[in-house]
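1. Structural data only, the sequence is not supplied:
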């Protein structure tokens, strides 16, 4: 098996990453296989504690990986765009993008396997069939899916080169004074809380363009354009400038007066080049129920 580390894997230990990817194999077994030289990074034997970099090529000999079976599940998919090589899904809030050690059902991958069967890329293993990039469980919106490995590489290169336009809408705490702002703050993994990211001098360059849509007395509706695509980038950047995404309890917003399924954040706009062509595809979806619920509450308070 070959696994290519993406931006979400940046800074992770080699054994930790493979424990997530090879969900059916224990961390201790993975560590043993690394010591025996059965797992290599960019053709070289590394320690289990090696910290991954984006685009690292991890090679795992076949005997290490036991048979993995992710069950297809008949879960409705909101397909916004589709062609022979890819599709774009509107992922609902509350759905995991792919299975984990703890949750192996109810994810987007389970739904994709039912809909497309084997017509999904497998570059990143069985647990991430078709997955090019991820949205957090409680972030809704547009997500690109590759139906074959060639399309996966074509689209992954656009992501790497930052030629895809991704815009989010969010409601954040507090009143933002500037109409527009570019946030350039490096992001890395939080060493004390590995499930979180943080602004840190030795992190990766990260850039978010913020535009105010509407101000209220307690919150601001904003549009956020990702120039880079780091893990939790918007949530980390907004928290750092003291305007965390509404209801984002992981990054300090706390529970707001309007209860929703965590952060009020939606990937609503995508612009990319269609695989193996020069055609530009532009997609935009309306605000979801969570965003509208919070917006309606604060609009009502202004009247």
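-> Sure thing, it's come through. Remember, predicted model here, so these are calculated numbers, not experimental data.
2. What's the local residue count around the closest residue to residue 263 other than its chain neighbours?
-> If the residues on either side of it in the chain are set aside, residue 263 comes closest to residue 248, at 3.9 Å by CB to CB, 6 or more residues apart in numbering. Where you see a C-beta, it was placed from the backbone N, CA and C, and this is true even at glycine. Residue 248 has 26 neighbours, counted by other CB atoms under 10 Å.
3. Please name the residues that touch residue 248.
-> 235, 238, 239, 262, 263, 265 (CB atoms under 8 Å, 6 or more residues apart in numbering).
4. List buried residues within these.
-> 235, 238, 239, 262, 263, 265 (16 or more other CB atoms under 10 Å).
5. distance of the residue nearest to residue 125 when sequence neighbours are not counted from residue 123?
-> Closest residue in space to residue 125, ignoring its immediate chain neighbours: residue 21 at 5.4 Å, by CB to CB, 6+ apart. Counting by CB to CB, to the nearest Å, the gap from residue 21 to residue 123 is 12 Å.
6. In terms of neighbours, single out the busier of these two.
-> Shown here are residue 21 and residue 123; by other CB under 10 Å, residue 21 has more neighbours (23 against 19).
7. residues contacting the more buried one?
-> 3, 124, 125, 127, 128.
8. Restrict these to the buried ones and give me that as a ChimeraX selection.
-> Command for ChimeraX, covering only those of those found buried under the criterion 16+ other CB under 10 Å:
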select :3,124,125,127,128
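9. in stretch 44-59, what counts as buried?
-> Of the residues in stretch 44-59, those buried (16+ other CB under 10 Å) are 46, 48, 50, 51, 52, 56, 58.
10. and which of those residues is nearest residue 104?
-> Nearest to residue 104, judged by CB to CB, of the buried residues of stretch 44-59 is residue 58 at 21.5 Å.
11. For the residue nearest to residue 263, report the pLDDT, please.
-> pLDDT for residue 248: 96.
12. Need the overlap of contacts for residue 21 and residue 123.
-> residue 3.
13. Is the residue nearest the centre of the chain within a helix or a strand, and which one?
-> Centre of the chain computed as the mean C-alpha position; nearest residue by CA atoms, centre = their mean is residue 134, 2.6 Å away. Secondary structure assignment for residue 134, by DSSP states H and E: no helix or strand.
14. Can you tell me how far it is from residue 69?
-> 22 Å.
15. still on that earlier bit, pipe the buried residues of stretch 44-59 into a markdown table and attach pLDDT, distance to residue 214 and secondary structure per row.
-> Below are the buried residues of stretch 44-59 laid out as a markdown table (pLDDT from 0 to 100; distance: CB to CB, whole Å; DSSP: H, G, I helix; E, B strand; the rest coil):
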| residue | pLDDT | distance to residue 214 | secondary structure |
| --- | --- | --- | --- |
| 46 | 90 | 49 | coil |
| 48 | 90 | 49 | coil |
| 50 | 93 | 47 | coil |
| 51 | 91 | 42 | strand |
| 52 | 91 | 40 | coil |
| 56 | 89 | 42 | coil |
| 58 | 89 | 45 | strand |
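16. The residues you listed: which two are farthest apart?
-> It's 48 and 56 that sit farthest apart of the buried residues of stretch 44-59, by CB to CB, at 14.2 Å.
17. Relative to residue 97, how far out is the residue lying closest to residue 186 once chain neighbours are set aside?
-> In this structure, residue 186 finds its nearest non-sequential neighbour in residue 203, 3.6 Å apart by CB to CB, 6+ apart. Distance of residue 203 to residue 97, computed by CB to CB: 23 Å.
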